[in-house]
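>>> show me how the following folds:
(4 chains)
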There are 2 protein chains.
Amino acid sequence: MPVDGRVARGDATRRVVLRRAVDVASVDGLEGLSLGRLATELELSKSGVFALFGSKEELQLATVEAAFGIFEAHVVAPARTVEPGLPRLWAICENWLVYSEERVFPGGCFFFNAGAEFDARPGRVHDAVAAASGSFATFIRETAADAVALGHLDADAEVLAFELHALGRAANADAVLNGGTRAYALARRAIRSRLGQNP
Amino acid sequence: MPVDGRVARGDATRRVVLRRAVDVASVDGLEGLSLGRLATELELSKSGVFALFGSKEELQLATVEAAFGIFEAHVVAPARTVEPGLPRLWAICENWLVYSEERVFPGGCFFFNAGAEFDARPGRVHDAVAAASGSFATFIRETAADAVALGHLDADAEVLAFELHALGRAANADAVLNGGTRAYALARRAIRSRLGQNP
DNA sequence: AAACTGTACGAACGATCGTGCTATCTTCGA
DNA sequence: TCGAAGATAGCACGATCGTTCGTACAGTTT
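Next comes the predicted model:
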């Protein structure tokens, strides 16, 4: 299947723009994204960047999608290679904490920020963020349910999944806001007391 | 001590502006605040609102302070009237959940949003948000330490405080983002399993 | 009554925003 | 080789942003 060189060129710059966009948005928010700023920083024309996406909202949606791909590559995909149940649950938690701790996005977890930014606003961006966030919540919940069904744990799977997700997000929030790594240590201790000493 | 009628008038409009500002900011963020929008909605002149605060950053700082007052009045102050230790810890959690659930701020917990917005940006607004958030975290931690010291609970107080704070914030995040009240029910179940069946 | 202070307004500023139009250049398909 | 299609650039637009300035009015102080 031969590729169209023109489209390939467009896709390449689109990736360049989005790579920068996810970093900017993780710090300054999806609303803090601006065509002009992206264009200046990447030495492109504002109208060129605009034409690539068609509108600011489309740029925001593409940014959410790109961030979701990065998130899944760092957290979800590696966890899926681990055996189901408790081991996978451990992998999810640890991958998530490392993903936050290593600042895969410079502003911490992208979806934590985007969720807080768009939680109370209607629109397509809200829906995209909620879908991405919900997809991860479902992944934790199903893995927790597996762990219980397999007899690895004795707990309410839904509550357990909620707790684990909560601990990760709180660690991210505290660590990014206040600096330091103490919040991650606290989260790991709490997770250990939920899942047992396995790691 | 006699009051200056001019200053009183200024303080009155300042309160009117701030009351609106905290609501706007809880939905659209502190950066989403705009002098012009506030002025239009309140039927004031943009330059008049500007003069009341001196700069946009001062308006943001005043908004954080105003929101902190509302937060303390709803969550912290009532909990301080409850006997120290476990009862007070219960009161903190329940007050916080009700504060979020009742949408004291239309966008959910003000400091959850402001914290996510300014966590990775330096400056005075970041510091103010971090201080407010930290003050509440300290309150939970000290209350948890009391509960342990009084023999009400057997736990690591710091980890327990982190967990409780995490559960509340996660409930707020999920409920505002996705709607519904299921997240609050999950948080309450998790809190109950941390603190015991008491209330 | 005069001098001063603080609130509030209206108009204007430079900057930036998102979004159009138009032209140029590269690449593809006939 | 020629015309269509896509990427990119240049320029201009209306709107909005935060901010400044000059002024009018209300209230305090002397």
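>>> for chain A, give me the ranges with low pLDDT.
Applying pLDDT under 70 to chain A flags the ranges A:1-7, A:10, A:197-199.
>>> contacts for the helix or strand containing residue A:67?
Using DSSP states H and E, the element containing residue A:67 is helix A:56-71. Helix A:56-71 is contacted from outside by A:14, A:17-19, A:21-22, A:25-26, A:30, A:33, A:35, A:49, A:53, A:99, A:104-105, A:109-111, A:114, A:123-125, A:128-129, A:132, A:135-136, using C-beta atoms under 8 Å, 6 or more residues apart in numbering or on different chains. Every residue, glycine included, has its C-beta placed from N, CA and C.
>>> need the buried ones from these selected in PyMOL.
Buried members of these, defined by 16 or more other C-beta atoms under 10 Å in any protein chain shown, are picked up in PyMOL with:
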select buried, chain A and resi 14+17+18+21+22+25+26+30+33+35+49+53+99+104+105+109+110+111+114+125+128+129+132+136
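>>> and DNA strand D, which of the contacts of helix A:56-71 contact it?
A:14, A:49 (C-beta under 7 Å from any atom of the strand).
>>> which of the contacts of helix A:56-71 fall in helices?
If you go by DSSP state H, the contacts of helix A:56-71 have A:14, A:17-19, A:21-22, A:25-26, A:35, A:49, A:53, A:99, A:110-111, A:114, A:124-125, A:128-129, A:132, A:135-136 in helices.
>>> from those, which are also near DNA strand C?
Within the ones in helices among the contacts of helix A:56-71, those near DNA strand C by C-beta under 7 Å from any atom of the strand are residue A:35.
>>> thinking again about what came up before, check whether the helix holding residue A:67 contacts DNA strand D.
No - on the criterion C-beta under 7 Å from any atom of the strand, helix A:56-71 is out of touch with DNA strand D, staying 11.5 Å away.
>>> restrict that helix to CA atoms and write it as CSV.
Output of helix A:56-71 as CSV, limited to C-alpha atoms (Å, rounded to 0.1, in the frame of the first residue of the first chain):
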residue,chain,number,x,y,z
LYS,A,56,-8.8,24.8,18.2
GLU,A,57,-11.3,22.2,19.5
GLU,A,58,-10.0,19.7,17.0
LEU,A,59,-6.5,20.4,18.2
GLN,A,60,-7.6,19.8,21.8
LEU,A,61,-9.3,16.5,20.8
ALA,A,62,-6.2,15.4,18.9
THR,A,63,-4.1,16.3,21.9
VAL,A,64,-6.2,14.2,24.2
GLU,A,65,-6.0,11.3,21.8
ALA,A,66,-2.3,11.6,21.5
ALA,A,67,-1.9,11.8,25.3
PHE,A,68,-4.1,8.7,25.7
GLY,A,69,-1.8,6.8,23.4
ILE,A,70,1.3,7.8,25.4
PHE,A,71,-0.6,6.9,28.6
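>>> would you mind listing the buried residues in it?
By 16+ other C-beta under 10 Å, the buried positions in helix A:56-71 come out as A:59, A:60, A:61, A:62, A:63, A:64, A:66, A:67, A:68, A:70, A:71.
>>> for that helix, the distance to its chain's centre please.
Distance of helix A:56-71 from its chain centroid, counting by C-alpha atoms, centre = their mean, to the nearest Å, is 11 Å.
>>> also stretch A:99-113?
Offset of stretch A:99-113 from its chain centre (C-alpha atoms, centre = their mean): 7 Å.
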